[in-house]
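Novice: here is a sequence together with a model predicted from it:
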Amino acid sequence: MIIIKIGGNAIHQLTEDFFKQIQIWLDQEKQIIIVHGGGQLITATSQFFNLPVQKIDGIRKTSPAEMLLTQGLLSNVIQPYFAQLFQQHGINCQPLNFNGYTLLQGQYLDQSQYGQVGQVTSIKTQLLAQSPTNSVILINSLVQTPQGQLLNVNADQAAQALAVLTQAQELILLTDVPGILVDQEVQTQLTPALAQQFMQEGQITGGMIPKIKAALASLKDGVHQITITDQLNHPGTTITH
Ligand SMILES: Nc1ncnc2c1ncn2[C@@H]1O[C@H](COP(=O)(O)OP(=O)(O)O)[C@@H](O)[C@H]1O
Ligand SMILES: CC(=O)N[C@@H](CCC(=O)OP(=O)(O)O)C(=O)O
């Protein structure tokens, strides 16, 4: 099992090599789940509609109006766009939480602080078992509570939870930078202690914070290979003990 999270900013930089690598892994009978983001489009659309945009350490504070917009964009705009991209490259793709058909189940993270924001608590494993082989599973980061309420989850956190719950071999966070940069240099390897230090010193900020936290939590919970990079064939930053 390989979990690949593709950030909203990384959507536009997927290369032919990316799709070739995915097909190679599928041919090797690896199961691949892609978790896509879309934060950039959510922010731009919110601003267009004069909805306040507030992020706390990279997590979007989500009002009920913002939740509707987020759900619409992730499920009806970004996910179909991704599905089409895969199909155009000849890769079978199974969207698994498209309009209420959710793989991820969850609960509120902290409603008083973040509003309609969730965290993943479990996955519907029977949906995974039913999905066809030789096909990429494509999901967004919305979760459904036991009461049926949809909540917004940061896509890095969703990918981390999924990696841990599926005991994935590898978690790859694809973003718009070639790795963790410190003094403009990519850190090829980062230990948890160094990562904490760089966050405390303010060398790692904004959207990189949920990525680092997701990487550290995955490492602690048994995911052995965790990479933050901009391309599958670039080494990026490996998070390791
Ligand atoms: N130390 C750092 N190294 C690299 N990027 C960083 C660092 N600190 C903050 N960032 C920011 O994190 C961004 C990636 O997070 P984000 O914009 O949320 O991407 P994504 O949409 O892929 O999740 C980078 O574009 C960069 O602006
Ligand atoms: C709660 C929360 O922060 N949800 C994220 C979900 C999308 C996301 O994480 O997209 P990127 O990976 O492109 O940043 C958001 O609303 O932006």
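Specialist: Structure received. Residues are numbered from 1 along each chain as shown. Ligands and ions are numbered 1, 2, ... in the order given.
Novice: check the offset of the lowest-mean-pLDDT helix or strand in the chain from the chain's centre.
Specialist: Using mean pLDDT, DSSP states H and E, the weakest-scoring helix or strand in the chain turns out to be helix 125-130, at a mean of 86. In terms of Cα atoms, centre = their mean, to the nearest Å, the centre of helix 125-130 is found 20 Å from the chain centre.
Novice: next, count neighbours for residue 109.
Specialist: 20 (other Cβ atoms under 10 Å). C-beta coordinates here come from the backbone N, C-alpha and C atoms, glycine included.
Novice: test my guess that it contacts residue 117.
Specialist: Yes - counting by Cβ atoms under 8 Å, residue 117 is a contact partner of residue 109 at 4.8 Å.
Novice: joint contacts of these two?
Specialist: 59, 151, 153 (Cβ atoms under 8 Å, 6 or more residues apart in numbering).
Novice: show me the contacts for the last one.
Specialist: So the one you mean is residue 153. 104, 106, 109, 117, 118, 119, 120, 141, 142, 143.
Novice: what residues does the protein have near ligand 1?
Specialist: 7-10, 37, 39, 175-177, 180-182, 203-208 (Cβ under 6 Å from any ligand atom).
Novice: go again using 8 Å as the cut-off
Specialist: 5-10, 37, 39-40, 58, 155-156, 173-177, 179-182, 198, 203-211 (Cβ under 8 Å from any ligand atom).
Novice: among those residues, which ones are in strands?
Specialist: 5, 6, 173, 174, 181, 182 (DSSP state E).
Novice: hmm, the first one is touching residue 39, no?
Specialist: Okay, so that is residue 5. No - contact criterion Cβ under 8 Å: residue 5 and residue 39 do not qualify, at 11.6 Å.
Novice: more neighbours: the two, which one.
Specialist: Comparing residue 5 with residue 39 by other Cβ under 10 Å, the one with more neighbours is residue 5, at 27 against 23.
Novice: what are the ranges of the helices in the chain?
Specialist: 16-27, 39-48, 64-73, 79-88, 111-114, 125-130, 155-165, 192-200, 208-220 (DSSP state H).
Novice: what comes up buried for the third one?
Specialist: Of all the residues in helix 64-73, those buried under the rule 16 or more other Cβ atoms under 10 Å are 66, 67, 69, 70, 71, 73.
Novice: what's it packed up against?
Specialist: Packing partners of helix 64-73 (3 or more Cβ pairs under 8 Å, 6 or more residues apart in numbering; DSSP states H and E): helix 39-48, strand 150-152.
Novice: could you dump those to CSV with mean pLDDT?
Specialist: Putting the helices and strands packed on helix 64-73 into CSV (pLDDT from 0 to 100) gives the following:
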stretch, mean pLDDT
helix 39-48, 97
strand 150-152, 95
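Novice: tell me which of the ones you listed lies nearest to residue 192.
Specialist: Among the helices and strands packed on helix 64-73, the nearest to residue 192 by Cβ to Cβ is helix 39-48 (24.9 Å).
Novice: contact partners of the closest one?
Specialist: 7-9, 52-53, 60, 66, 69-70, 73-74, 77-78, 155, 207.
Novice: in this structure, which segments are predicted with low confidence?
Specialist: 98-101 (pLDDT under 70).
Novice: closest one of the buried residues of helix 64-73 to residue 220?
Specialist: residue 70 (28.6 Å).
Novice: which residues touch that closest one?
Specialist: With Cβ under 8 Å, 6+ apart, residue 70 has these contacts: 42, 60, 62, 142, 152.
Novice: which residue does this protein bring closest to ligand 2?
Specialist: residue 37 (2.3 Å; Cβ to the nearest ligand atom).
Novice: phi, psi of that residue?
Specialist: phi -100, psi -150 (degrees, to the nearest 10).
Novice: these two touch, right, it and residue 157?
Specialist: No - with contact defined as Cβ under 8 Å, residue 37 does not count as touching residue 157 (10.9 Å).
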